[in-house]
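A.B. asks: okay, here's the prediction I keep looking at, along with the sequence it came from:
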Amino acid sequence: MSYRQSEGTGSGQGESRNVGPVIVRKLTESQGSRSEVYEVAEQTGRVKSRRTASGRAGELSAPEELSNLEIAANEHVRRLVRRAAEAAQALYETDDVRDAALLGSTLHATISELWQHRQVRELDWAEAVNLLQIVFAGEDFETLSAPRRRVISRIFEEGLLTRTVARAEMARILQLLTEGGFDPWKGTSEIETGE
């Protein structure tokens, strides 16, 4: 296989070869021509994978793996999660009934918007958002006691703000909801009773 030096605005880290609809680039930055690491990219420049000479696929770092749209969607979801956490914390700290109603409404609307972007994150995260959306539907936030408001705040601190939501975080969210007097099975019980 013959290679040519990469040209243009690239990083100059290796030698490239066009192979049909993809470009194979031998990465030589650290080891020169002895390098056994290859990068496979589409003609558009998006990196598809990195492979060693043995054919083993390597992990891509997040910036190389995500498109601009995916990065923007992830950032939007992070902003929504922060907004929901801030609303939950403010709900816990307020003593005013009207503020509690407005903050609860903001929290519920933000959770609903998070649900619209559920495909951006992992499945367990989407399940957690769905669970919160169901549990908080029809909830009168202005009448919630301070301990129940604290539970809402802790759900975001301990669950949705973690980098990845897995089964352990889901179990913790269910535990907090139950301890706070919320019914995590509200959605299924309404279906069963026909309400």
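C.D. replies: Arrived safely, thanks for sending.

A.B. asks: so what's residue 103 up against?
C.D. replies: Residues near residue 103 by CB atoms under 8 Å, 6 or more residues apart in numbering: 87, 90-91, 94, 141. Yep, even glycine has a C-beta here, placed from its N, CA and C like the rest.

A.B. asks: quick one: which of the residues you listed sit in helices?
C.D. replies: Among the contacts of residue 103, the residues falling in helices (DSSP state H) are 87, 90-91.

A.B. asks: show me where this structure has strands.
C.D. replies: Remark: strands assigned in the chain by DSSP state E are 4-5, 14-19, 22-27, 37-42, 47-52, 57-58.

A.B. asks: from the contacts of residue 103, which is closest to residue 71?
C.D. replies: residue 87 (24.8 Å; CB to CB).

A.B. asks: so what's that closest one up against?
C.D. replies: With CB under 8 Å, 6+ apart as the criterion, the residues that contact residue 87 are 103, 106-107, 110.

A.B. asks: for residue 134, state which of the residues you listed is nearest.
C.D. replies: Within the contacts of residue 87, distances to residue 134 taken as CB to CB reach their minimum at residue 107, with 13.9 Å.

A.B. asks: with distance to residue 78 and pLDDT added, can I get the contacts of residue 103 in CSV?
C.D. replies: What follows is those, written out as CSV (distance: CB to CB, whole Å; pLDDT from 0 to 100):
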residue, distance to residue 78, pLDDT
87, 15, 96
90, 19, 96
91, 20, 96
94, 25, 95
141, 24, 93
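
A.B. asks: and which of those residues is nearest residue 165?
C.D. replies: When the contacts of residue 103 are compared against residue 165 (criterion: CB to CB), the nearest one is residue 87, at 18.9 Å.

A.B. asks: how about the closest one: what's its closest non-neighbour residue?
C.D. replies: Using CB to CB, 6 or more residues apart in numbering and skipping residues adjacent in sequence, the residue nearest residue 87 is residue 107, 4.3 Å away.

A.B. asks: cool, residue 158 as well?
C.D. replies: Setting aside the residues directly before and after it, residue 158 is nearest to residue 172 in space (CB to CB, 6+ apart), at 5.7 Å.

A.B. asks: that neighbour: neighbouring residues, count only.
C.D. replies: By the other CB atoms under 10 Å criterion, the neighbourhood of residue 172 contains 17 residues.

A.B. asks: what does residue 107 give?
C.D. replies: In terms of burial, residue 107 registers 24 neighbours under the definition other CB under 10 Å.

A.B. asks: right, I'll call it a day here.
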